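S.K.: kindly return the folded structure for what I paste below:
(one chain, ligands or ions: 1)
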Amino acid sequence: MESRARLLGHPIHQMLIVFPLGLLGMAVIFDVIRLVTGSAGLGVASYYMIVAGVVGGLAAAVFGFIDWSAIPSRTRAKSVGTRHAVGIVVVVLLFAGSWWLRLADPANPPTLAFVLAVVGAGLSLATAWLGGELVDRLGVGVDDGAHLDAPSSLSGRPAHDRSDIAPRRT
Ligand code: HEM
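M.R.: Have a look, this model is predicted:
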């Protein structure tokens, strides 16, 4: 099922999700290193990565919503997409709460800020898996008729077009 929100022929949602997943996951890794080494600079780095990750997550969510709204009702894809979206909204809220707790002193965040970030990162793995299920198993965001010799997304031709494939000799 083809994505509705595309840029240069590819789903925008899939382009943007790397930012929140990478930034929020890295913020937790920096938190752990800060706890081990005591480096205050990493606390500040985590703080800014969470800000960027939450903003990136909201941007990705807009395009995810556009694609989700085109999935027919009463399909497994709709149900998986709904669980994916609800889960990811909780993830963003957890990190937003973590960021809020860091506001007073980004270099030395309270333990609860770290706990919220760890729970958020754990939940993001589960919700990202649901996103992968949507694409890899249920074919959401995949061009109709995609195949190994499909023409370029920039050609203006449908993926199932096989007109320029030379017939195989038998
Ligand atoms: C922080 C926000 C979000 C993140 C990090 C995220 C993450 C992901 C991931 C990892 C995938 C699989 C991509 C792949 O395997 O190539 C995916 C796919 C998908 N997600 Fe999300 N998601 C977010 C928000 C949302 C929201 C709010 C919705 C719906 C309301 C949504 C709907 C979808 C849909 C429909 C797909 C299938 C692929 C597509 O149509 O682009 N996502 N998402």
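S.K.: can you pull out the helices in the protein?
M.R.: Taking DSSP state H as the criterion, the chain carries its helices at 12-16, 18-37, 40-69, 76-102, 111-132.
S.K.: in CSV: those, plus mean pLDDT, mean neighbour count and distance to residue 157.
M.R.: Any C-beta I mention is one placed from the backbone N, CA and C, and that applies to glycine too. Output for these, formatted as CSV (pLDDT from 0 to 100; neighbours: other C-beta atoms under 10 Å; distance: least, C-beta to C-beta, whole Å):
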stretch, mean pLDDT, mean neighbour count, distance to residue 157
helix 12-16, 98, 20, 21
helix 18-37, 98, 18, 28
helix 40-69, 98, 19, 22
helix 76-102, 98, 19, 26
helix 111-132, 98, 17, 28
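S.K.: the ones you listed: which one's closest to residue 158?
M.R.: With C-beta to C-beta as the criterion, residue 158 lies closest to helix 40-69 of the helices of the chain, at 18.6 Å.
S.K.: that closest one vs helix 111-132, what angle?
M.R.: Helix 40-69 and helix 111-132 are oriented at 30 degrees to each other (axes from the mean of the first three to the mean of the last three C-alpha atoms, to 10 degrees).
S.K.: could you confirm whether helix 40-69 reaches the ligand?
M.R.: Yes. Interface with the ligand: helix 40-69 contributes 57, 60-61, 64-65, 67-68 (C-beta under 6 Å from any ligand atom).
S.K.: what's around the residue lying closest to residue 40 once chain neighbours are set aside, how many residues?
M.R.: Closest residue in space to residue 40, ignoring its immediate chain neighbours: residue 107 at 3.8 Å, by C-beta to C-beta, 6 or more residues apart in numbering. Using other C-beta atoms under 10 Å, the number of residues around residue 107 comes to 15.
S.K.: residue 107 reaches residue 45, doesn't it?
M.R.: No. At 9.8 Å, residue 107 does not count as touching residue 45 under the criterion of C-beta atoms under 8 Å.
S.K.: shared neighbours, these two?
M.R.: Common contacts of residue 107 and residue 45 (C-beta atoms under 8 Å, 6 or more residues apart in numbering): none found.
S.K.: any idea how far the residue nearest to residue 40 lies from the ligand?
M.R.: Distance, residue 107 to the ligand, by C-beta to the nearest ligand atom, to the nearest Å: 26 Å.
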